[in-house]
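Peer 1: here is the input, now give the coordinates:
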Amino acid sequence: MSEIDLDSRKASPADESEELVERCRMLGIEWLEKAPEIDTEVSGLIEPDVAVRLRVIPIERQNGHLLVAMADPLDVTAADEVGAIVGLSIKRVGLDGEAFGDLMRGTYGTTAARMAESLAADSGMASTTDLEHNLDAIEAGDIHRMAEEPTLINLVNLLLLEAIQSRTSDVHIEPFESELKVKYRVDGVLAEQSPPPKHLQPALIGRIKIMAGMNIAERYVPQDGHITLRFEGRKVDIRVSTVPTLYGESVVMRILDKSSIQLQLETLGMDVEHRDTMDSLISKPHGLVLVTGPTGSGKTTTLYACLSKLYDPRKKIITIEDPVEYELGGINQIPVNPKRGLTFATGLRAILRQDPDVIFVGETRDAETIDIVIRSALTGHLVFSTLHTNDALSSVGRMIDMGAEPYLAASVLEGLLAQRLGRRLCPECMEWTTLSEDLSHRLTPQELELLDGRMPVARGCEACKEQGFYGRLGFFELIRITPNLRSAIAENSAVYELKNALPEDFRTMRDDGMAKVARGETSIDEVLRATQDVDEG
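Peer 2: Predicted structure coming up:
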């Protein structure tokens, strides 16, 4: 599928480098550090979504020229496009990154919601049919025609731009009887956006399906698709899923923006003790390291961080994933394709013939896969994989349930990591306050002693958009397999016996989370919410 280019030029970072400024001055292009006064009549010469995409703001007319402020004045392609739109020659000036962003927001306060409102007033689209009550009556050809309307294309592009800029991980479009809801998931929490008019539903969803390479005529079976965007000089992948509901198709777009993820264990929230243990595990020549947790707990990101740290041109690293979420430089990544017979098990057999040093299996789901994973670890490969269990120790039982022999599991296991994700308190507005009585009743004596009557809270500020949280961090539970624990696993011991064999330095996810609360990194509520399904007994 061809890439959809939201931002076709190579954009400079927000904080413009000194090199860029110097190059502009050498070429005689003025560089501004303060936002200039804007002629509103002139700024209206180009549409808001075009200004956002090209990162260009018209300032004023000067002797038959149009003076424009640009984030990257060396971007001749963007300047030429603006010149073609307005029919004037362009004079470029540079503007400092932060000042440019403020000027853009002040000049073009347009949002996807506002654009949808203006489309709602478009009688041509509204009169196409009574869409609110008869969505099934619309022909595929009509949907295709509406989805190709320039204003509708701009609306979808702006919706995606806003989502990417606001650090959204998922965009949900949900149809109901009389409304169409749009929600962004930011830092793991869904937030409703201003909804577009219901009558735009077929065209809006149709446009997304066209972008994702889906069958626009098929509205009654689930479909999966993929969109590739160019935004601010970087590639953004979007996985699209549709399912039919009572009132039309529900769409979820998962945004995979590699620039937004941190592939270092420290930035994921792992403390120095856990990082040291992980370093020792990933440096082993062979064995099996499992990362466990529910869907969306950050398992894959953690393992990507491990693989990135482990990467060495002298090592052959191969992954098999369903799907490949992020491209890792220098690492061979294989996407599962069951329709063509490429499952985890068949792919893993083929990988072993590629003479790898390190193997990452996206998920161990069945007896066949766990058998090959164990054999791979036994024959001199370092293997990473994931399981869906509540805590680290439960993964031993899950392996045995899938058919692994206890003595084989014991011989290959080197480490077990369980994790959850919680929201990180905004560092700009975090402050300490007295521990509330309702929370103190939910804490253990050890936790009360750790917090010493205080707890961190964030009041909300401009940096976090008044949410009090900015980004996420992990709560980890890491078990290194000691001789005592290995022996207990080989004997197929009960869970309580395995717990008695745990190393003395073992900490639960809740313990790890509370240590982060004591450092002011997250809130008590976040730790309790994220770890409530973990057996603390």
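Peer 1: which SS class is residue 527?
Peer 2: helix (DSSP: H, G, I helix; E, B strand; the rest coil).
Peer 1: next, count neighbours for it.
Peer 2: Residue 527: 24 surrounding residues under other CB atoms under 10 Å. C-beta coordinates here come from the backbone N, C-alpha and C atoms, glycine included.
Peer 1: find the centremost residue of the chain, please.
Peer 2: residue 169 (4.2 Å; CA atoms, centre = their mean).
Peer 1: for that residue, what is the enclosing helix or strand?
Peer 2: Following DSSP states H and E, one finds residue 169 within strand 168-175.
Peer 1: and residue 474, which of the three is it?
Peer 2: Residue 474 ends up strand, using three-state DSSP.
Peer 1: right, I mislabeled it, should have said residue 106
Peer 2: Classified using three-state DSSP, residue 106 is helix.
Peer 1: ok, now residue 442?
Peer 2: Note that with three-state DSSP, the state of residue 442 is coil.
Peer 1: from the contact counts, what lies against the helix or strand containing residue 81?
Peer 2: Assigned by DSSP H and E, residue 81 falls within helix 76-86. Helix 76-86 sits against helix 48-54, strand 56-62, strand 65-70, strand 89-95, with contacts defined as 3 or more CB pairs under 8 Å, 6 or more residues apart in numbering; DSSP states H and E.
Peer 1: could those go into JSON lines alongside distance to residue 408, mean neighbour count and mean pLDDT?
Peer 2: Below are those laid out as JSON lines (distance: least, CB to CB, whole Å; neighbours: other CB atoms under 10 Å; pLDDT from 0 to 100):
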{"stretch": "helix 48-54", "distance to residue 408": "55", "mean neighbour count": "21", "mean pLDDT": "76"}
{"stretch": "strand 56-62", "distance to residue 408": "62", "mean neighbour count": "20", "mean pLDDT": "88"}
{"stretch": "strand 65-70", "distance to residue 408": "62", "mean neighbour count": "22", "mean pLDDT": "89"}
{"stretch": "strand 89-95", "distance to residue 408": "63", "mean neighbour count": "20", "mean pLDDT": "89"}
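Peer 1: ok, which of these comes nearest residue 291?
Peer 2: Of all the helices and strands packed on helix 76-86, the one in closest proximity to residue 291, counting by CB to CB, is helix 48-54 (38.1 Å).
Peer 1: now do the helices in the stretch 151-300 of the chain.
Peer 2: Under the criterion DSSP state H, counting those that start in this stretch, the stretch 151-300 of the chain contains helices at 201-211, 272-282, 299-310.
Peer 1: could I get the helices and strands packed on helix 76-86 as TSV with distance to residue 177?
Peer 2: Formatted as TSV, the helices and strands packed on helix 76-86 follow (distance: least, CB to CB, whole Å):
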stretch	distance to residue 177
helix 48-54	30
strand 56-62	42
strand 65-70	46
strand 89-95	47
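Peer 1: remind me which residues of the protein are low pLDDT?
Peer 2: For the chain, the stretches with pLDDT under 70 are 1-17, 97, 109-147, 150, 232-233, 259-260, 535-537.
Peer 1: and the angle for the strand holding residue 169 with helix 201-211?
Peer 2: 140 degrees (axes from the mean of the first three to the mean of the last three CA atoms, to 10 degrees).
Peer 1: okay, now the sheet partners of strand 168-175, with direction.
Peer 2: Paired neighbours of strand 168-175 in the sheet (DSSP bridges): strand 180-186 (antiparallel), strand 248-257 (antiparallel).
Peer 1: among the ones you listed, which is nearest residue 395?
Peer 2: That would be strand 248-257 among the strands paired with strand 168-175, by CB to CB, at 25.6 Å.
Peer 1: returning to what we had before: in the helix holding residue 81, what's buried?
Peer 2: Across helix 76-86, burial judged by 16 or more other CB atoms under 10 Å covers 78, 79, 81, 82, 85, 86.
Peer 1: quick check: nearest residue in space to the fourth one, chain neighbours excluded?
Peer 2: I take that to be residue 82. residue 56 (5.3 Å; CB to CB, 6 or more residues apart in numbering).
Peer 1: hmm, residue 68 and the one you found touching each other?
Peer 2: Yes: Residue 56 lies in contact with residue 68 (CB atoms under 8 Å); the separation is 5.2 Å.
Peer 1: on that earlier part again, which residues does the helix holding residue 81 contact?
Peer 2: Residues outside helix 76-86 that contact it (CB atoms under 8 Å, 6 or more residues apart in numbering) are 8-9, 45-46, 50, 54-56, 58, 66, 68, 70, 72-73, 89-90, 92.
Peer 1: distance of the closest residue to residue 266 other than its chain neighbours from residue 478?
Peer 2: Nearest non-adjacent residue to residue 266, counting by CB to CB, 6+ apart: residue 275, 6.5 Å away. According to CB to CB, to the nearest Å, residue 275 and residue 478 sit 10 Å apart.
Peer 1: check residue 228 too.
Peer 2: Distance of residue 228 to residue 478, given as CB to CB: 36 Å.
Peer 1: and residue 174, by the same measure?
Peer 2: Residue 174 is 38 Å from residue 478, by CB to CB.
Peer 1: also residue 432?
Peer 2: 29 Å.
Peer 1: which of these two has more residues huddled nearby?
Peer 2: Taking other CB under 10 Å, residue 432 and residue 478 do not tie; residue 478 has more neighbours (24 against 11).
Peer 1: isn't there a helix covering the more buried one?
Peer 2: No: using three-state DSSP, the assignment for residue 478 is strand, not a helix.
Peer 1: I figured it was touching residue 276, is that so?
Peer 2: No: applying CB under 8 Å, one finds residue 478 not in contact with residue 276, separated by 10.2 Å.
Peer 1: which ones are touching residue 481?
Peer 2: Contacts of residue 481 (CB under 8 Å, 6+ apart): 410, 413, 414, 415, 416, 489.
Peer 1: if we use 10 Å, what do you get?
Peer 2: 281, 287-289, 396, 409-416, 489, 501, 503 (CB atoms under 10 Å, 6 or more residues apart in numbering).
Peer 1: restricted to strands, list the residues you listed.
Peer 2: With DSSP state E as the criterion, strands contain 287, 288, 289, 413, 414, 415, 416 from among the contacts of residue 481.
Peer 1: next up, the contacts around the third one.
Peer 2: Residue 289 makes contacts with 278, 281-282, 303, 306, 360, 377, 382-385, 412-417, 480-481, as judged by CB under 10 Å, 6+ apart.
Peer 1: quick revisit: now for residue 56 and residue 68: what residues contact both?
Peer 2: The contact sets of residue 56 and residue 68 overlap at 46, 78, 79, 82, 90, 92 (CB under 10 Å, 6+ apart).
Peer 1: what's the local residue count around the closest residue in space to residue 172 that isn't next to it in sequence?
Peer 2: Nearest residue to residue 172 in three dimensions, chain neighbours excluded: residue 183, at 4.3 Å (CB to CB, 6+ apart). Neighbour count of residue 183, defined by other CB under 10 Å: 18.
Peer 1: noted, bye for now.
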